[in-house]
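Novice: I would like to see how this sequence folds:
(4 chains)
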2 protein chains.
Amino acid sequence: MPKKTSPINVDPRVRRTRRLLREALVSLILERDFASISIREITERAEVAYITFFRHYESLDVLLMEVLDEGLGELMTRIETLAKQSDTSNLETEGRLIFEYIGQKADLFRILFKSQSVTRVRKKVVRNIAAVFQKSCLPLARSGNQTTTAMLSNHIATSLLALIEWWLDNKMTPAPAQMGRVYKNLIIDSTVGVVSTVSAMS
Amino acid sequence: MPKKTSPINVDPRVRRTRRLLREALVSLILERDFASISIREITERAEVAYITFFRHYESLDVLLMEVLDEGLGELMTRIETLAKQSDTSNLETEGRLIFEYIGQKADLFRILFKSQSVTRVRKKVVRNIAAVFQKSCLPLARSGNQTTTAMLSNHIATSLLALIEWWLDNKMTPAPAQMGRVYKNLIIDSTVGVVSTVSAMS
DNA sequence: CCTTTTTGTTATACTATGTAACAATTGTAG
DNA sequence: CTACAATTGTTACATAGTATAACAAAAAGG
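Specialist: Numbers count the residues shown, from 1 in each chain, chains lettered A, B, ... in the order given. Purely as a prediction, here's the structure:
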């Protein structure tokens, strides 16, 4: 197995520097606007030389991407198992698990939604989630129309993200168990319920 | 009637300058990223002195706000009439009118969704739309729970915006008439349908 | 312990923001 | 038409951030 995929052979100084820069960006972005954060400020908080930043990242956006990728990968795998559920009770349970997970990594998701100038990242996340539902969610695939399935999976993806964002803004109430029910009823069931109606379009 | 609300008494040079700056920003933002656009570039394209920008706007964001406010006001009034519809056929018709209107002012809405660093503007728009539905959409108000109505109106607002964004990205197909039906079935009816189920939460 | 790699220090070029003083132009009122 | 007022243009300058380079210092690895 190749060692390049899981870089454990990295110089400890490099690991330390990159970790310090990530942590500095996270702590800053939770304080104020992403747009107002400079590379100088990040390196100062990380207690690292200014030029060191450019030895690891070509831009601020790349660092932000790395920070988000830290946790979004796990979210995607959870959403995949979510999308494959067809049983009613499992659907609700998996919905609960998603919101419990988000509650644990709340800081990370606050960054995803809060940081301005990451519309691009958000769109990418929406596309990924929509693709997962388009593949895995069987009731949607049953409607022959290509445009319809694309539109409905986009609806599910954006609705899920919007629900997560609202939940974070609403101090994470109601509890995850109730949010799991909301996910099932409001997002999945109601969308699946209109497949036959909407897919009758030309 | 006060003249301050509709400033017709403005110096024609001021009107001209502000119009040139708005047009320059719009043409630039449709070409590339908002983040990469500088004030210098805007003033050059507008054929206006650099310092003149600061005589009218305190920042680039303020100019962007003015550009968006040009057209979003009309959208909001249309959405208000949309939210008040309870008749089934009217719901579909008003949905069609919304998408016809968006098709006409497509450039403006592309700016709303495309321009990075306007997450703040987007959130504000969502809040405004959600407030309209929370007030006007009677079936939602029937559920006593305050949290539920806030969540559902947020769901409608974000779903509508996401559907508009998807429609613009999809080259404005299907036609507005079909999108009107989608609006009715996917966003309104399915949301109203789960009110009783979801509002049974604590 | 010696070599390699990484990091820190310092200097520099470049670009953009934002302000100020003064001249030139344009609009307006008499 | 003229004189006054307001706006705009020109030039200069202070500040801040990006990005790169050369060389010294420190840390990692054999």
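Novice: A:P174 is in what secondary structure piece?
Specialist: A:P174 is located outside every helix and strand, with elements delineated by DSSP states H and E.
Novice: distance of it relative to chain B?
Specialist: Look at A:P174 and chain B: by C-beta to the nearest C-beta, to the nearest Å, they are 6 Å apart. Using the backbone N, CA and C atoms, a C-beta is placed for each residue, glycine as well.
Novice: I'd say that residue and B:Q146 touch.
Specialist: No: A:P174 is beyond contact range of B:Q146, at 11.7 Å (criterion: C-beta atoms under 8 Å).
Novice: who has more neighbours out of these two?
Specialist: Higher neighbour count among A:P174 and B:Q146: A:P174, with 18 against 9, using other C-beta atoms under 10 Å in any protein chain shown.
Novice: so what's that one scoring on pLDDT?
Specialist: Predicted confidence (pLDDT) at A:P174: the value is 95.
Novice: distance of it from DNA strand D?
Specialist: In this view, A:P174 and DNA strand D are 40 Å apart by C-beta to the nearest atom of the strand, to the nearest Å.
Novice: next, that residue: phi, psi?
Specialist: With angles defined as degrees, to the nearest 10, A:P174 sits at phi -70, psi 180.
Novice: pLDDT at the spatially most central residue of chain A, what is it?
Specialist: Of all residues in chain A, the one closest to the mean position by C-alpha atoms, centre = their mean is A:L72, 4.7 Å from it. At A:L72 the predicted local confidence, pLDDT, stands at 85.
Novice: secondary structure element for it?
Specialist: Here A:L72 is covered by helix A:60-83, with elements defined by DSSP H and E.
Novice: in terms of secondary structure, what does that helix contact?
Specialist: helix A:12-29, helix A:39-46, helix A:88-104, helix A:106-114, helix A:119-136 (3 or more C-beta pairs under 8 Å, 6 or more residues apart in numbering or on different chains; DSSP states H and E).
Novice: next up, the contacts around A:V132.
Specialist: Taking C-beta atoms under 8 Å, 6 or more residues apart in numbering or on different chains, we find A:V132 in contact with A:M76, A:I79, A:E80, A:A83.
Novice: most surrounded residue in the residues you listed?
Specialist: For these, the largest number of neighbours (other C-beta under 10 Å) sits with A:A83, at 23 neighbours.
Novice: that one and DNA strand D: what is the separation?
Specialist: Applying C-beta to the nearest atom of the strand, one obtains 38 Å for the distance of A:A83 from DNA strand D.
Novice: go ahead and confirm that residue touches A:A130.
Specialist: No: with contacts defined as C-beta under 8 Å, A:A83 does not count as touching A:A130, sitting 10.1 Å away.
Novice: show me where pLDDT drops low in chain A?
Specialist: Low-confidence segments of chain A, defined by pLDDT under 70, span residues A:1-8, A:115-118, A:138-141, A:143-144, A:199-202.
Novice: domain-wise, how is it divided?
Specialist: Each structural domain of chain A that the record assigns through automatic domain parsing is listed here as a residue range: A:12-57, A:68-195.
Novice: near chain B, which residues of chain A?
Specialist: A:35, A:113-120, A:147, A:150-152, A:154-155, A:158-159, A:162-163, A:166, A:170, A:173-174, A:178, A:181-182, A:185-186, A:189-191, A:193-194, A:197-198, A:201-202 (C-beta under 8 Å from any C-beta of the partner chain).
Novice: so which of the residues you listed are in helices?
Specialist: A:113-114, A:119-120, A:147, A:150-152, A:154-155, A:158-159, A:162-163, A:166, A:178, A:181-182, A:190-191, A:193, A:197-198 (DSSP state H).
Novice: what parts of chain A come near DNA strand C?
Specialist: On the criterion C-beta under 7 Å from any atom of the strand, DNA strand C has as its neighbours in chain A the residues A:11, A:13-14, A:16-17, A:47-52, A:55-56.
Novice: and A:L64, how close does it get to A:E23?
Specialist: 13 Å (C-beta to C-beta, to the nearest Å).
Novice: neighbour count: these two, which is higher?
Specialist: A:L64 (23 against 14).
Novice: roughly how far apart are the more buried one and A:Y57?
Specialist: When distances are taken as C-beta to C-beta, A:L64 and A:Y57 turn out to be 9 Å apart.
Novice: repeat that for A:M151.
Specialist: Going from A:M151 to A:Y57 by C-beta to C-beta gives 37 Å.
Novice: repeat for A:L21
Specialist: Distance, A:L21 to A:Y57, by C-beta to C-beta: 7 Å.
Novice: now for these two: what residues contact both?
Specialist: The contact sets of A:L21 and A:Y57 overlap at A:L63 (C-beta under 8 Å, 6+ apart).
Novice: quick one: which of the two has more around it?
Specialist: Set A:L21 next to A:Y57 and count neighbours by other C-beta under 10 Å: A:L21 wins out with 23 against 20.
Novice: what is the burial count for the closest residue to that one other than its chain neighbours?
Specialist: With C-beta to C-beta, 6 or more residues apart in numbering or on different chains as the criterion, A:L21 has its nearest non-adjacent residue at 5.1 Å, and that residue is A:A46. Neighbour count for A:A46, taken as other C-beta under 10 Å: 22.
Novice: and A:A46, how far is that from A:R110?
Specialist: Noted for A:A46: a distance of 20 Å to A:R110, by C-beta to C-beta.
Novice: ditto for A:L30
Specialist: The gap separating A:L30 from A:R110 is 7 Å, by C-beta to C-beta.
Novice: more neighbours: these two, which one.
Specialist: Neighbours were tallied for A:L30 and for A:R110 using other C-beta under 10 Å; the higher tally belongs to A:R110 (17 against 12).
Novice: wait, doesn't that one sit right on A:K171?
Specialist: No: using C-beta under 8 Å, A:R110 and A:K171 do not qualify as a contacting pair, with a distance of 11.8 Å.
Novice: returning to what we had before: for the residue nearest to the centre of chain A, give me its contacts.
Specialist: By C-beta under 8 Å, 6+ apart, the contact list for A:L72 reads A:L108, A:L112, A:V125.
Novice: turn those into CSV, columns for neighbour count and distance to B:C137.
Specialist: As requested, these are exported to CSV (neighbours: other C-beta atoms under 10 Å in any protein chain shown; distance: C-beta to C-beta, whole Å):
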residue, neighbour count, distance to B:C137
A:L108, 17, 34
A:L112, 21, 29
A:V125, 19, 29
